[in-house]
Each structure stands twice: as C-alpha cells, then as structure tokens.
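Asks: Please find the sequence and the predicted model below.
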2 protein chains.
Amino acid sequence: MTLPRTTTALALRDGGFAKTPVPQVPETLSPHLELREVPLPDLTDGQVLIEVTLAPVNPSDLFFVQGGYGQPRTAGLAAGFEGVGRVVAGKGKTAEALVGQRVSFLGTRTGTWAAHAISDAALCIPLRKDLQDTDGAALIVNPLTAVALLETARDSGAKSFIVNAAGSQLGRLILGLARDEGLQPIALIRRPGDREALHGLGAAEVLVSGEGDFAEAAQKALKDHKPRVLLDAVGDQITADLFFAMPRGAVWVSYGKMGSEAPQLTQMGQFIFMDKRIEGFWLSTWLPAKSAARRAELIARVQNRFASGAWSTRIAATLPLPDAIEGILPAYRKSAGKVLLAP
Amino acid sequence: MTLPRTTTALALRDGGFAKTPVPQVPETLSPHLELREVPLPDLTDGQVLIEVTLAPVNPSDLFFVQGGYGQPRTAGLAAGFEGVGRVVAGKGKTAEALVGQRVSFLGTRTGTWAAHAISDAALCIPLRKDLQDTDGAALIVNPLTAVALLETARDSGAKSFIVNAAGSQLGRLILGLARDEGLQPIALIRRPGDREALHGLGAAEVLVSGEGDFAEAAQKALKDHKPRVLLDAVGDQITADLFFAMPRGAVWVSYGKMGSEAPQLTQMGQFIFMDKRIEGFWLSTWLPAKSAARRAELIARVQNRFASGAWSTRIAATLPLPDAIEGILPAYRKSAGKVLLAP
C-alpha cells in the first residue's frame, strides 16, 4: 500500500507562542488557520497513520491555535489535539498490530483537524464496538481530565467540592462522576438556564453568579457542605472570592482560564493561617506520570461510562473541513455541546 | 514560696479578630493595649511561671494586637509571643525540673509582654551559658522560621531562591544560613541602603525594587540563578510579578503580609502549564508536626549559631513596660533591628 505524502488539513499559520495574552475564544479563526494540503512526515518506529473520522474542538484547541497554550505551535502543520479514526498503517510491531482498528487518539506533531493524522501507538485507544464515533472523538482530553480532577477532589477528604463553568462538557462529566461516587458537588454557573439540568446530573447545589442572592447562596452552600477543593476553568475574581470564603485547607486547582480578569489575592494571610494553596492541573503532565496499568484502568473506565450511557457527548455541530474556519466559532459560541470536525 | 496572682503587663484591650483587614504597623498602639495589672491563671500540670527578662516585638505581634493574626485575642490578657526569662515555679515533674533555669519560651494563653508569664514546659528552651539575653529573647519565632523556610528552599532542588524584605531580622537570618549551606540566595529589598550589608551576609544578588533598572536586573538574576522558591513576607504586586517571571515549577511561599496591596494573578496559565503554585508557611503548624527529637536538633542548631556569632540579634531599642505603648512604634519604624521590652 502506498501511503499518502500529504493530507488536507486546517493548518497553523504561525509557529511558537503568541506575544501577548490571548482570549479564550478568538474573534475569528482565519488569521490562525488555513485549509490546505500539508506534508505528512514519515512514520517512525511505534507510530501509526490514521484516517480521521471525527475530531472535536476543545477549549484548549482554541487557545493553542492562537499561541496561548502551554506548548508551541509549528507553522504549516495541522491543528487539533484529539480525534477518532481508523488506523491505515503502522511502523514497528506494536503499531502494525493496530492496523484496521478504530481508535481514539492524540495527534503526534501533526494534528487531528485533517484527513490523515499521525499518532504514537501508545497514545491510541482501540474502541469497543458499542461506542459511537461521537463519543470516541472526545474520549481522551475531557474524560480523563474529569477522572483526574475528581481524584483530586476526593483526595481532599471532604464529601463536597466546587466546580465552576459547570455547564461545560467537562463540567457535566465531572458532576456525573461525582454523583456516582457519592460526592456532593457544588456547581457554579453564570446564568440560571442550566440549573435544573445540572441538578439532574448530580449537583448538590447550583450557584448562579449572575443572580442577586449569589453571595448569600454561596455562603450557605459553603457552610452546609464544607468543600475543600475548587476545580477552576475560569480564573476570575468570583473564583478568587469563593476560594477565600472556603474553609481551612482549601485548594484552588486551576485547569483552565476562560475568564479574562486577573483575579486579586485579597486575603494573603489565608495561605499562612488557613493552610490554603493554589495549584494547577494539566493532563499532559498528569497522565504520563501514571503507570501503563493505571492508564489502561482509567481508559477502560471512561469507555464503560460512555458505553453504559452514564456519560454522553452532546453535539453542537458537525462540520466538514471546508466549512470549519467560518463555521467553528458561531457553533462554539451558541452551545455548550461539542463542535466536531468531519474531515 | 507564694506565687503572684497578678502581674504588670501590656494587656489586650479587645478579644477575637479584627472585623476588617489591618495594616502591618498600626498608627498607634493605645487603642489596642493598656499597661495594667492582669490576672495570672493558676499553673496546670506541665506549666511553668517565668519572670520575664526581655521580650521582642515581632511583626506577628503587631498583627496580633490588632486582631489581624491567625489566632484570636483574649481581652485582658498580656500580649507578646516569645521572650527570655527565669523559671520561678513549675507544676508537675517536668515543669519543676526547670525551676531556676534561664529559658527562651513561648507564652501560653497569657503573653510575654509582662513581668511574669506562663509557658508550657515543652515550649521552654533552657539556654546555654554563653548565649546573651538579647539573643535568647528572640530565639524561637524568627530563627526557627528561618531554619524551616531554608529547608523549603533547599528541598526545591535549585541552588538559589528569592527572599524579599531581605533587610529584616528574619531576612538576614535566612541569608546567613543560606550562605553557610552553599546556596546562592537572591535578596529583594525596596531601598538600596542595605545592599552592601546583605551581600556581606550571603546574598548572591541584591535586587532593589525602587531602582530604575529593577526589571532588567531581576530578569538577569532569574536567568543566571534559576531560583524555584520565593520566600515572601510582603505579598505585593512586585512579589506576584517576580513569581510569574520565575522558571517552571516555582513555588511562592507566603509567610507574612507586610504589603497592603492585593496582588493580581496576571498569568493564571502558569499554574497549569508551568506547574507553579502558591502556598503558605506558619511556624505554629510546622513545628508541632515535627518529632521531639527533630525539634531538639533544630533548637541546638539555632543556639549554636547565636553562640558562635554566625547569627546575632540587632537591637533597635530596649524599653521598660511603662514606655512601651508610646515607644514601640517610633523605634520599630526607625530600624530593621529588634525592639525589646524589659519588664
């Protein structure tokens, strides 16, 4: 079989990092991406070539294409962190064994927003037959982050924790997981629209920051549930104020930055006298630190949850590549569901 | 021997905590303290009664008398955390064994700014003969904090670390200790006056935040020394900016709050992508977590350093109690040395 030397992709226009801070969602994607043929590097040992079926647009992708994510861009390579597809070639024994399989995967160097992508065989997850492509497309980044963050929350010893941006895909995964583990999560959202849905998913309390009685409601929820972990995808002043209102020993775990404010530390003494701390979480450092057996266990758990319907991926839109540069952002802004690309 | 039932003391006027944030140094002490006879509680098992020789004014004392420290005040009891004196009575075997000895000590409930104080025998450090009273007066809070913070800095694995308010008594203790352990500390001060002195004490670099080339000098020092710990007694925006300029894995350790600003977290993404974190240090939680043997080892080390002259306590003023309420603050503001009270 002759392997393709190029592939149609949403290619990064710029390399490296942005010079100035970037917003969570850019005004437009056309300064950052272009649809074109890009070179496919030769496979090295342990790599597979994948025909991409679906690839999601995650918040981290939007930071990345703007140069605001934690790893540098390479101009002229495809964007996109994860996807689902079929392995069409492999180099080396482990990689060849995957040929013909449907896998969830993370792109290696060249991304998943393309007709073909390359992945390390070790970063491919062969999918169970009962799993839909839509679930397989977003099986790694959000679900494993949810599992990891929930471990942090559970390790705090408290029965409760706080999660903001709780209406997001990741927020919903966290709530469902928490309920099934017998925890009482406190969900923080900006507008009341998702209140009932989040209660249904497992939130013990839903706090709406845009409502007039937010401060009192938050105080009562903190008193009733005594959460010690704040899972934060926003990083605004509301987050900081909530952290300082939390009990002794509270940990602010930053894993995303959807807010544009620079929050103020108004109660520095709490680090000293109340043993509080601020730290970050990144799947890209957390996951490789786990053993292969532990990773396999986590992945089996994630597949089980999607297969059983305990988790599901809500779809905002599915776009072919030629419609993506114009179509991603309107669909992304309209809905908390996932925007998927179908190359 | 008949024990005194009351003692002359600088008594706290108010109990509990302040309702609003307090400054590091109050305008005046008279709203917070009054000179009067206060009751001396009966000794309970394991406690000693001490005739106080000298007691220092630490930054933590000034926060405490205003109600801004991590433990509540009791109105009508003496202020003052530590001191040196002679044990005149004890209850129970361990306590009685200390009678007649000169000790450094921490007050128990009733403070050290008094003619007599009460301490747990376990919190008394019998002093070597070659140690001066002025060193014994401030042997616990600052020296043990310095030793503990230096362990944190050393555990970071980097050869260098940053210490701000480096001209303070505690800053100087840290610098001396660091030099003797072969580390290259970066000292941060506001005005250039102490530059030469701090180099002499062991600072590899002295950064002066009030100077025009501060940003460039800081950048160069960070590049040359790659510190991973920032020991912070100030908590202002300069501290935050320095933290965000530090390399991957940097830890901001807050142990004091001399600045009045609420610093802004301008680079939240660094918690995620650069594995940075903010935490606090408090001797009152750190020390009790250590074994008795480890504490004895640390205390022997501290006494050795003062006895050998490796450390010394600089004195700003020594005040009798009747002059203290008027005299403490002018002396405190004038000098980085210690203000001592001689009851």
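Replies: Received the coordinates, thanks. Numbers count the residues shown, from 1 in each chain, chains lettered A, B, ... in the order given.

Asks: who does the biggest helix by length in chain A touch, helix- and strand-wise?
Replies: Counting residues, the longest helix in chain A under DSSP state H turns out to be helix A:292-308. Applying 3 or more CB pairs under 8 Å, 6 or more residues apart in numbering or on different chains; DSSP states H and E, we find helix A:292-308 packed against helix A:141-155. Where you see a C-beta, it was placed from the backbone N, CA and C, and this is true even at glycine.

Asks: elements contacting the helix it packs on?
Replies: Partner elements for helix A:141-155 (3+ CB pairs under 8 Å, 6+ apart): helix A:169-180, strand A:229-232, strand A:251-254, helix A:283-286, helix A:292-308.

Asks: CA-only coordinates of it in PDB, if you can.
Replies: Listed next in PDB are the C-alpha coordinates belonging to helix A:141-155 (Å, rounded to 0.1, in the frame of the first residue of the first chain):
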ATOM      1  CA  VAL A 141      -8.900  15.100  26.800                       C
ATOM      2  CA  ASN A 142     -12.200  15.900  28.700                       C
ATOM      3  CA  PRO A 143     -13.000  12.400  30.100                       C
ATOM      4  CA  LEU A 144      -9.500  11.800  31.500                       C
ATOM      5  CA  THR A 145      -9.300  15.300  32.900                       C
ATOM      6  CA  ALA A 146     -12.600  14.700  34.600                       C
ATOM      7  CA  VAL A 147     -11.400  11.500  36.100                       C
ATOM      8  CA  ALA A 148      -8.100  13.100  37.300                       C
ATOM      9  CA  LEU A 149      -9.800  16.200  38.800                       C
ATOM     10  CA  LEU A 150     -12.300  14.000  40.600                       C
ATOM     11  CA  GLU A 151      -9.400  12.100  42.200                       C
ATOM     12  CA  THR A 152      -8.100  15.400  43.400                       C
ATOM     13  CA  ALA A 153     -11.400  16.400  44.800                       C
ATOM     14  CA  ARG A 154     -11.900  13.000  46.500                       C
ATOM     15  CA  ASP A 155      -8.400  13.000  48.000                       C
END
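
Asks: So which bits of it are buried?
Replies: By neighbour count with 16 or more other CB atoms under 10 Å in any protein chain shown, helix A:141-155 contains the buried residues A:141-150, A:152-154.

Asks: Out of those residues, flag the one nearest to B:D232.
Replies: A:T152 (25.0 Å; CB to CB).

Asks: Before we move on, what's the pLDDT of the closest one?
Replies: A:T152 is assigned a predicted lDDT (pLDDT) of 93.

Asks: What number of residues are in the vicinity of the closest residue to A:W113 other than its chain neighbours?
Replies: Distance criterion CB to CB, 6 or more residues apart in numbering or on different chains; nearest residue to A:W113, sequence neighbours excluded, is A:G80 at 3.4 Å. Neighbours of A:G80 under the rule other CB atoms under 10 Å in any protein chain shown: 28.

Asks: and the gap between the closest residue to chain B within the stretch 51-200 of chain A and A:T145?
Replies: The stretch 51-200 of chain A approaches chain B most closely through A:G70 (2.9 Å), counting by CB to the nearest CB. According to CB to CB, to the nearest Å, A:G70 and A:T145 sit 14 Å apart.

Asks: show me where pLDDT drops low in the stretch 101-250 of chain A?
Replies: Across the stretch 101-250 of chain A, not a single residue meets the criterion (pLDDT under 70).

Asks: thinking again about what came up before, give me the distance from the longest helix of chain A to the chain's centre.
Replies: 16 Å (CA atoms, centre = their mean, to the nearest Å).

Asks: Give me the buried stretch members for that helix, please.
Replies: For helix A:292-308, the neighbour count (16+ other CB under 10 Å) marks A:L298, A:I299, A:V302, A:Q303, A:R305, A:F306, A:A307 as buried.

Asks: and those residues, which two are the farthest apart?
Replies: The span of the buried residues of helix A:292-308, defined through CB to CB, is set by A:L298 and A:A307 at 15.0 Å.

Asks: A:G309: how many residues sit nearby?
Replies: Residues near A:G309, counting by other CB under 10 Å, number 8.

Asks: Which strands and helices lie in contact with whatever helix or strand A:A117 lives in?
Replies: Using DSSP states H and E, A:A117 sits in strand A:116-120. Applying 3+ CB pairs under 8 Å, 6+ apart, we find strand A:116-120 packed against strand A:47-57, strand A:82-90, strand A:102-106.

Asks: And A:D224, how close does it get to A:P26?
Replies: A:D224 sits 40 Å away from A:P26, going by CB to CB.

Asks: and chain A, what are its domains?
Replies: What automatic domain parsing lists as the domains of chain A is A:6-138+A:313-342, A:142-284.

Asks: For the first one, measure first residue to last.
Replies: Taking CA to CA, to the nearest Å, the first and last residues of domain A:6-138+A:313-342 lie 18 Å apart.

Asks: Equivalent analysis for the last one, please.
Replies: Between the start and the finish of domain A:142-284 there is a gap of 12 Å, counting by CA to CA.

Asks: Name the residues of the one helix or strand A:D224 maps to that are buried.
Replies: Assessed by DSSP H and E, A:D224 sits inside helix A:214-225. Buried residues in helix A:214-225, counted by 16+ other CB under 10 Å: A:A217, A:A218, A:A221, A:L222, A:H225.

Asks: Report the contact partners of A:L198.
Replies: A:A166, A:G167, A:G171, A:R172, A:L175, A:A187, A:I189, A:V206 (CB atoms under 8 Å, 6 or more residues apart in numbering or on different chains).

Asks: farthest pair in those?
Replies: The distance between the two most remote of these (CB to CB) is 12.3 Å, for A:R172 and A:V206.

Asks: which residues do those two both contact?
Replies: With CB under 8 Å, 6+ apart as the test, A:R172 and A:V206 both reach A:A166, A:L198.

Asks: how near is A:P263 to chain B?
Replies: 5 Å (CB to the nearest CB, to the nearest Å).

Asks: give me the number of residues near that residue?
Replies: If you count neighbours by other CB under 10 Å, A:P263 ends up with 24.

Asks: Show me which residues of chain A sit near chain B.
Replies: Selection of chain A residues close to chain B by CB under 8 Å from any CB of the partner chain yields A:68-71, A:235, A:240, A:254-257, A:262-266, A:268-282, A:285.

Asks: Ignoring the adjacent residues along the chain, who's closest to the residue positioned nearest the centre of chain A?
Replies: The geometric centre of chain A, computed from its C-alpha atoms, lies nearest to A:N142 (CA atoms, centre = their mean), at 3.7 Å. Take A:N142 and drop its neighbours on the chain: the residue closest to it by CB to CB, 6+ apart is A:L170, 4.7 Å away.

Asks: In contact with the one you found, which residues?
Replies: A:N142, A:T145, A:A146, A:A233.

Asks: Between these, which sits nearest B:I315?
Replies: Using CB to CB, the shortest approach to B:I315 within the contacts of A:L170 belongs to A:A233, at 52.5 Å.

Asks: Hmm, the closest one is touching A:A165, no?
Replies: Yes - A:A233 is within contact range of A:A165, at 4.2 Å (criterion: CB atoms under 8 Å).

Asks: Name the residues contacting each of the two.
Replies: The contact sets of A:A233 and A:A165 overlap at A:G171, A:G256, A:M258 (CB under 8 Å, 6+ apart).

Asks: Among the contacts of A:L198, which one is most surrounded by other residues?
Replies: A:A187 (29 neighbours).

Asks: Quick check: phi and psi on that one?
Replies: Dihedral pair for A:A187: phi -100, psi 130, per degrees, to the nearest 10.

Asks: now it: how far from A:L201?
Replies: Remark: distance between A:A187 and A:L201 (CB to CB) = 8 Å.

Asks: Thank you, goodbye.
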